[in-house]
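Engineer: Coordinates for the following, if possible.
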Amino acid sequence: MPTKRSEIVTLKNLISEIDLILADTDLPQNRTARCRELLGSAIAITEDILSQAKLPAAAQMGRKGGTVTAQKGSDYFRQLAAKRKTRGGGRPKKEAE
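Structural biologist: Numbers count the residues shown, from 1 in each chain. Coordinates of the predicted model:
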């Protein structure tokens with residue numbers, strides 16, 4: 001899927017141009033109406049993608065990022081900090097022989 005906004009705009013313009021060409025064309029077995037219906041859906045999807053493309057992908061995925069963490073409160077973070085200070089982790093000290 002295209003990631004740049006200009007590529008999505010170009011895709012929308014191509015679909016719109018095809019829809020305009022089909023408006024003047026008459027295909028057998030009522031295919032023109034179905035093609036125009038599908039192209040209308042494609043235009044709607046590309047417009048939706050364009051409206052969502054204003055935010056970076058990470059921002060879309062993490063829109064709520066921080067709200068759940070903030071609900072935990074400052075006591076939770078104090079406890080985490082205390083654990084980091086008292087339990088240093090890492091490699092155990094060498095024992096003298």
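Engineer: any idea how far R36 lies from I45?
Structural biologist: 15 Å (Cβ to Cβ, to the nearest Å). All C-beta atoms are positioned from the backbone trio N, CA, C, and that covers glycine.
Engineer: Oops, could you answer that again for Q79 instead?
Structural biologist: Distance of Q79 to I45, given as Cβ to Cβ: 47 Å.
Engineer: ditto for K83
Structural biologist: From K83 to I45 the distance is 48 Å (Cβ to Cβ).
Engineer: Same drill for these two, tell me which one is more crowded.
Structural biologist: I45 (13 against 10; other Cβ atoms under 10 Å).
Engineer: residues in contact with the more buried one?
Structural biologist: Counting by Cβ atoms under 8 Å, 6 or more residues apart in numbering, I45 touches no other residue.
Engineer: how much space is there between D24 and V68?
Structural biologist: Separation of D24 from V68 (Cβ to Cβ) stands at 54 Å.
Engineer: How about L39?
Structural biologist: Using Cβ to Cβ, one gets 41 Å for the distance from L39 to V68.
Engineer: Please apply the same query to R34.
Structural biologist: For R34, the distance to V68 - Cβ to Cβ - is 46 Å.
Engineer: Between those two, which is the more surrounded one?
Structural biologist: Neighbours of R34 and V68, each counted by other Cβ under 10 Å, are more numerous for R34; the result is 11 against 8.
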